[in-house]
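Q: sequence plus predicted model, see below.
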Amino acid sequence: MLHYGLDVHKKYTNICVMDDAGAILAEGRTATGELPCHPAFSLEGRKRVVMEAGANWPFVYDILEPAVEEVLLAHPLRVRAIAAARVKTDAIDARTLAHLLRSDLIPAAYIPPAPVREARELFRFRLDLVKQRIALKNRVHALLTKEGLTSPVTDVFGREGRRWLDELPLSCEKRARLDSFLRVLDCLTTEIKEADSRIKVAVDDDPRANLLTTVPGIGYRIALVILAEIGDISRFPDANHLVSYAGLAPRVRSSGGKTKLGNITKQGSSALRWALVEAIHVAVHRPGYLQEMHERLRRGKNNAVATTACARQLLVAIYFMLSRGEAFRPTGTRTIY
């Protein structure tokens, strides 16, 4: 077996090839887009490749996957924990990855299939548009504040608010700037609606998403995020592993026979945590177990801790829903799965 360690960058990649005994058979550097054409990949034998999960890993995975027997994605933080080095160069990083691969010590990260990657990109595209719209709205509010103007309506970007904005007595320069902000806002809103339409089509075609929308607080957008971040539910042996993947498990410190639980780790899918918290913010306003649990926890803890605990419990329910193909239990049920 040939073991390939790749230190991948945007424009170039360092390569190190080792055999099972740890002997270096080839080393070099090539343009990232030309990896399969490098002489190292012409060596005879079965090939395994490992690279860290960087920004452009999907592109590298897609061009290498047809040419080798196996492509592994290494978790960057865990690789550094295993193989910390005083001297760090691209060539040494590639060599280290090859050593870890031949020793079966790679902390492998999940490689989602192409449809899951597309779903993630669709949600993140919409999220980027929303962030840009929020930033522009803040610019409008800042302009109004500088002019000492206060909107007479709650939503300054609604119908009545826009009418008020159009009638403001502003200087030519400030009017031009405000109108420019509003034109871009309208464009972003149109693009967000278009993204929403594509998300809804994706959710309507997925029976798992229809299961998730039976949960109070989960609409089609949140359902897409949850499914895209989880991927194949069977890759988690139990609900606790899924909770850890979302970064919702508490930190554990155990020494001398004493165990102490701390705050949640937050080492996992931030998008999945966000989706669950958003769902809880809606669910706690609807009668049912989640609302009761949230109110009970708030008596002894602050609102953020109560919300996090409910999000963790909701994720456990989602694990069993997806594993068993069951809808969410009716409102008023005292226990969730």
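A: Sure, I can see it.

Q: which stretches in this protein count as strands?
A: Secondary structure of the chain (DSSP state E): strands at 2-8, 12-18, 24-31, 47-52, 70-74, 250-255, 258-264.

Q: what angle sits between the fifth one and strand 2-8?
A: When you say that, I think you mean strand 70-74. 40 degrees (axes from the mean of the first three to the mean of the last three Cα atoms, to 10 degrees).

Q: list the buried residues in strand 70-74.
A: 71, 72, 73, 74 (16 or more other Cβ atoms under 10 Å). C-beta: built from backbone N, CA, C; applies to glycine.

Q: and if you look at stretch 208-222?
A: Neighbour counts using 16+ other Cβ under 10 Å place 208-209, 211-213, 215-222 of stretch 208-222 among the buried residues.

Q: any chance of the residues you listed in TSV, with distance to residue 91 too?
A: Formatted as TSV, those follow (distance: Cβ to Cβ, whole Å):
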residue	distance to residue 91
208	44
209	45
211	49
212	46
213	50
215	50
216	54
217	50
218	48
219	49
220	48
221	44
222	44
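
Q: wait, which of the buried residues of strand 70-74 is closest to residue 246?
A: For these, the closest approach to residue 246 (Cβ to Cβ) belongs to residue 73, at 18.8 Å.

Q: got the domain ranges for this protein?
A: With domains defined by automatic domain parsing, the chain comprises 2-102, 114-205, 210-324.

Q: gap between the two ends of the last one?
A: Taking Cα to Cα, to the nearest Å, the span from the opening residue of domain 210-324 to its closing residue is 14 Å.

Q: returning to that earlier point: which one of the buried residues of strand 70-74 is nearest residue 315?
A: Ranked by distance to residue 315 (Cβ to Cβ), these are led by residue 73 at 23.4 Å.

Q: ok so, going back, same list (the strands of the chain) but as TSV, adding mean pLDDT.
A: Below are the strands of the chain laid out as TSV (pLDDT from 0 to 100):
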stretch	mean pLDDT
strand 2-8	96
strand 12-18	96
strand 24-31	96
strand 47-52	95
strand 70-74	95
strand 250-255	74
strand 258-264	74
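
Q: comparing those strands, which comes out most buried?
A: Greatest average neighbour count among the strands of the chain goes to strand 2-8 (a mean of 26), per mean count of other Cβ atoms under 10 Å.

Q: just checking: what are the partner strands of it?
A: With DSSP bridges as the test, strand 2-8 is paired with strand 12-18 (antiparallel), strand 47-52 (parallel).
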